[in-house]
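Participant: pasting the sequence and the predicted model now:
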Amino acid sequence: SQALVADGIGRKDADAVRGICRIVFNWGLILGLTLSSVLWIGTSSGLLTDFFTSDELTRIELGKLLTIVILAQPLNSFVFAADGVLQGAGEFAYQAKSMALSVVCAFSMFIVLEYTSFGHDIILGGDGDTLVNVWWGLITLQCMRGLTSIVKLVEETGPINLIGGKEAYSRID
């Protein structure tokens, strides 16, 4: 998507850029849902955990993590697709700033989950599992990256402007 988006912007073809974005995001959604489904089938059948270990305690811990990983795949696929689109549009500085914000939010989520009664009692139901907290921090990171990507993707004066008309493409027109 990087090269195709850059080419569309270089040709000042807003329709091509939007079309490429739609295709990339649709395939990302399909692949994210497919991977979630495959992981869910592998986890629920026990095949995936059996592949890694025969130790019951390890299987229990893997089960906690695999549930989070399964639920995160559609989000991850969107974020990675958005990375390609935004990089093709030359939005490297924006991505660096949004990553810094995302890291601060992810770290804050981990601290709340790990060290406060709010994190233990309300969010996780008293679980207090550090490894699970790390993964919830990673989900927070991806959520923030997704939100910041959406902001740039739909920005009226931005290089992509997925919901606007051609007239809104200040960097293309």
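Facilitator: Received the coordinates, thanks.
Participant: C-alpha only now, for contacts and for neighbours.
Facilitator: Fine.
Participant: relative to V38, how far out is the closest residue to R145 other than its chain neighbours?
Facilitator: Nearest non-adjacent residue to R145, counting by CA to CA, 6 or more residues apart in numbering: S102, 6.0 Å away. In this view, S102 and V38 are 28 Å apart by CA to CA, to the nearest Å.
Participant: what's the answer for L86, then?
Facilitator: Going from L86 to V38 by CA to CA gives 29 Å.
Participant: neighbour-wise, which of those two wins?
Facilitator: L86 (24 against 14; other CA atoms under 10 Å).
Participant: count of residues packed around I60?
Facilitator: 12.
Participant: and for A72?
Facilitator: Counted with other CA under 10 Å, A72 comes out at 19.
Participant: also T67?
Facilitator: 15.
Participant: excluding covalently adjacent residues, which one is nearest to it?
Facilitator: Once flanking residues are discounted, T67 sits nearest to W40: 7.9 Å by CA to CA, 6+ apart.
Participant: contact partners for V134?
Facilitator: Residues in contact with V134, defined by CA atoms under 8 Å, 6 or more residues apart in numbering, are F110.
Participant: okay, buried residues for the stretch of helix or strand it belongs to please.
Facilitator: Per DSSP states H and E, V134 falls inside helix 130-154. Of the residues in helix 130-154, those buried under the neighbour-count criterion (16 or more other CA atoms under 10 Å) are 132-146, 148-150, 152-153.
Participant: quick one: mean pLDDT over the helix or strand hosting S77.
Facilitator: Using DSSP H and E, S77 sits in helix 56-88. Per-residue pLDDT values over helix 56-88 give a mean of 91.
Participant: what does stretch 105-121 give?
Facilitator: Stretch 105-121 comes out at a mean pLDDT of 83.
Participant: returning to what we had before: quick one: the residue nearest to R145 from G8, how far?
Facilitator: 29 Å.
Participant: show me which of those two is the more surrounded one.
Facilitator: It is S102, of S102 and G8, that has more neighbours when counted by other CA under 10 Å, with 23 against 20.
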